[in-house]
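Asker: My questions are about this predicted structure, shown below with the sequence.
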Amino acid sequence: MSSEENSGNTFSDQGRPEDQVVIRARNLTKAYPTYDNPAHRLKQLLWPGRRDLREAFLALRDVSFDIYRGETVGIIGRNGSGKSTLLNLIAGTLEPSAGDLEVSGHLAPILTLGAGFEPEFTGRENVLMNAAVIGLTKAEIHARLGSIIDFAGIGDFLDRPVKLYSSGMYARLAFAVAINSNPDILVIDEILSVGDEAFARKCFARLEDLKATGSTILFVSHSSQTVIELCDRAILFENGESLLTASPRDTVAYYHKLLYAEEASRASLLNEIREFDATGAIARPKGSDTSNEFSGDENLGTFDSGLKSESTTEYEQIGAEIRNVRILNSRGEVVNILSRGGGYVYTYDVHFSEEAYGVCFGMMIKTGTGLDLSGQVSHGAKEVIEHIPALYRARVSLPFTAGLSSGTYFANAGVMAVRDGEMKYLHRILDAVAFRIDALESDRVTGIIDLTLPGNRTEIFPPE
């Protein structure tokens, strides 16, 4: 569980001793030269004293922060925002163009998949080489070799060349080496997104063990829920700028707003995020609710035209077509920004081009990583609609409660019927709609599902 329950919206560094800082960045900048055409690059090499034909692309610009011993800090942002550049600077695989960077302690990086592995070497040989590169002595390597092999769990592939490995096997081997080095600082760049779910859960359990022993963990992830569950703080990057350092929930909420913001509103949103970073106060519309209890019109939600599912997948149509999938509030308005605890209706139309028998409809809400959270069907197994004639149309309404923590979610839609003696999908749309639940100013919910009820209290008793 993250420690974001500290008072206030942002993580406070007040009172943290200087000797607890393990990573310190001051005005960190990384620039790459760019040229309008290859001829300019050649001229610059041949005549370096002539007019500079380069232009600088700033991958990072004036980034400053402190990271403390024992913290877990997530780095989030859109693709190209500077996240991986930052981790490479910290790992020492890149040099900054300007600014200062101090790293204290034994650091184990897990960066680009397969980085540091020699394709022609076996997995075992790469383990020995990689462990030496990150600072383990020969005695330490041999003492921990068994644990590394057991954790990787790749069987006979350990003694085969890594050029034969899948991406999941690369991840297993790299992670096994890094975490068994018992690092003071573990730096991870999105590598946990590959591999199977069982191994990912094993990795997260090991990360929890490292946290408990005081290791500092810094990682890039596009999984908002992972950041919320694992981190103490999160840093939001955009165009090389460190926009916000705050609690994971606040940072993720603004990340989602930025991810789906229309271009016309992006400048004002960036200013809002910078203001929050400076003051720790969320800019909210006048009269907006900040409690965890919704009633009346406070849970209507709103509509953000920039929030759209980009992963929609349609299955083959077999005599039926799903159309016009949407979420409605209690006024019948289409919304996709939902209020925590509010009641909404997931609705869609189904047009039947052929007659159908034993019909039912359904929906499923999922996280961004595809985890099924909750769904429902319109009719039970013994309550299906016996017959729908060809050319008829059905309107499906499935009420639900937005009992989820802050984040972006996706919903499926499906229509099933009996064909050839078994239930089959006549049409199914995965990730038909996307919707978001924003963070509350005073949020007590952890995990994904919100099961809280009003009446939370703590009683303190004197000694007997």
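Answerer: Yep, it's here.

Asker: does Ala264 sit in a helix, a strand or a coil?
Answerer: Secondary structure state of Ala264, per DSSP: H, G, I helix; E, B strand; the rest coil, is helix.

Asker: From Phe57, how far out is it?
Answerer: Distance, Ala264 to Phe57, by CB to CB, to the nearest Å: 25 Å. Every residue, glycine included, has its C-beta placed from N, CA and C.

Asker: Ok, Gly99 next?
Answerer: Gly99 is 16 Å from Phe57, by CB to CB.

Asker: neighbour count winner among those two?
Answerer: Set Gly99 next to Phe57 and count neighbours by other CB atoms under 10 Å: Gly99 wins out with 17 against 11.

Asker: right, and the helix or strand after the helix or strand hosting the more buried one?
Answerer: Using DSSP states H and E, Gly99 maps to strand 98-103. Where DSSP H and E defines the elements, the next helix or strand beyond strand 98-103 is strand 107-110.

Asker: pretty sure Ile322 is touching Asp349, no?
Answerer: Yes. Proximity of Ile322 to Asp349 meets the contact threshold set by CB atoms under 8 Å, at 7.4 Å.

Asker: More neighbours: which of those two?
Answerer: Remark: of Ile322 and Asp349, Ile322 carries more neighbours, 24 against 14, as counted by other CB under 10 Å.

Asker: so where's the stretch 201-350 of the chain shaky on pLDDT?
Answerer: 201, 280-298 (pLDDT under 70).

Asker: Who does the strand holding Gly99 pair with, and is each partner parallel or antiparallel?
Answerer: Strands that pair with strand 98-103, judged by DSSP bridges, come out as strand 21-34 (antiparallel).

Asker: Give me the buried positions along stretch 254-262.
Answerer: Residues of stretch 254-262 classed as buried by neighbour count (16 or more other CB atoms under 10 Å): Tyr254, Tyr255, His256, Lys257, Leu258, Leu259, Tyr260, Ala261.

Asker: Is the second one located within a helix, as I assumed?
Answerer: Yes. When three-state DSSP is applied, Tyr255 is found to be in a helix.

Asker: From Val127, how far off is it?
Answerer: Note on Tyr255: its distance to Val127, by CB to CB, is 36 Å.

Asker: Ok, the first one next?
Answerer: Counting by CB to CB, the gap between Tyr254 and Val127 amounts to 40 Å.

Asker: likewise the third one?
Answerer: For His256, the distance to Val127 under the criterion CB to CB works out to 39 Å.

Asker: One more: the fourth one?
Answerer: Using CB to CB, we find Lys257 at a distance of 43 Å from Val127.

Asker: coming back round to it: quick one: contacts of the strand holding Gly99?
Answerer: Residues outside strand 98-103 that contact it (CB atoms under 8 Å, 6 or more residues apart in numbering): 21-29, 31, 62-64, 89-90, 92, 185.

Asker: Next, Ala261: phi, psi?
Answerer: For Ala261, the backbone dihedrals (degrees, to the nearest 10) come out as phi -70, psi 140.

Asker: hang on, isn't it packed against Leu269?
Answerer: Yes. With contact defined as CB under 8 Å, Ala261 and Leu269 form a contacting pair (5.2 Å).

Asker: could you point out the longest strand in this protein?
Answerer: For the chain, the strand with the greatest residue count under DSSP state E is strand 422-437.

Asker: partner strands of that one, parallel or antiparallel?
Answerer: Under the criterion DSSP bridges, strand 422-437 sits next to strand 313-314 (antiparallel), strand 337-338 (parallel), strand 407-419 (antiparallel) in its sheet.

Asker: Just the CA atoms of it, as PDB, please.
Answerer: C-alpha atoms of strand 422-437 as PDB (Å, rounded to 0.1, in the frame of the first residue of the first chain):
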ATOM      1  CA  GLU A 422     -25.000 -23.400 -27.900                       C
ATOM      2  CA  MET A 423     -24.700 -19.800 -26.700                       C
ATOM      3  CA  LYS A 424     -22.600 -17.700 -29.100                       C
ATOM      4  CA  TYR A 425     -21.800 -14.000 -29.400                       C
ATOM      5  CA  LEU A 426     -23.800 -12.500 -32.300                       C
ATOM      6  CA  HIS A 427     -21.700  -9.300 -31.900                       C
ATOM      7  CA  ARG A 428     -19.200  -8.200 -29.300                       C
ATOM      8  CA  ILE A 429     -17.200  -4.900 -28.900                       C
ATOM      9  CA  LEU A 430     -14.200  -4.800 -26.600                       C
ATOM     10  CA  ASP A 431     -13.300  -1.400 -25.100                       C
ATOM     11  CA  ALA A 432     -16.400   0.100 -26.600                       C
ATOM     12  CA  VAL A 433     -16.200   3.200 -24.400                       C
ATOM     13  CA  ALA A 434     -13.600   4.700 -22.000                       C
ATOM     14  CA  PHE A 435     -14.600   6.500 -18.800                       C
ATOM     15  CA  ARG A 436     -12.700   8.200 -16.000                       C
ATOM     16  CA  ILE A 437     -13.200   8.600 -12.300                       C
END
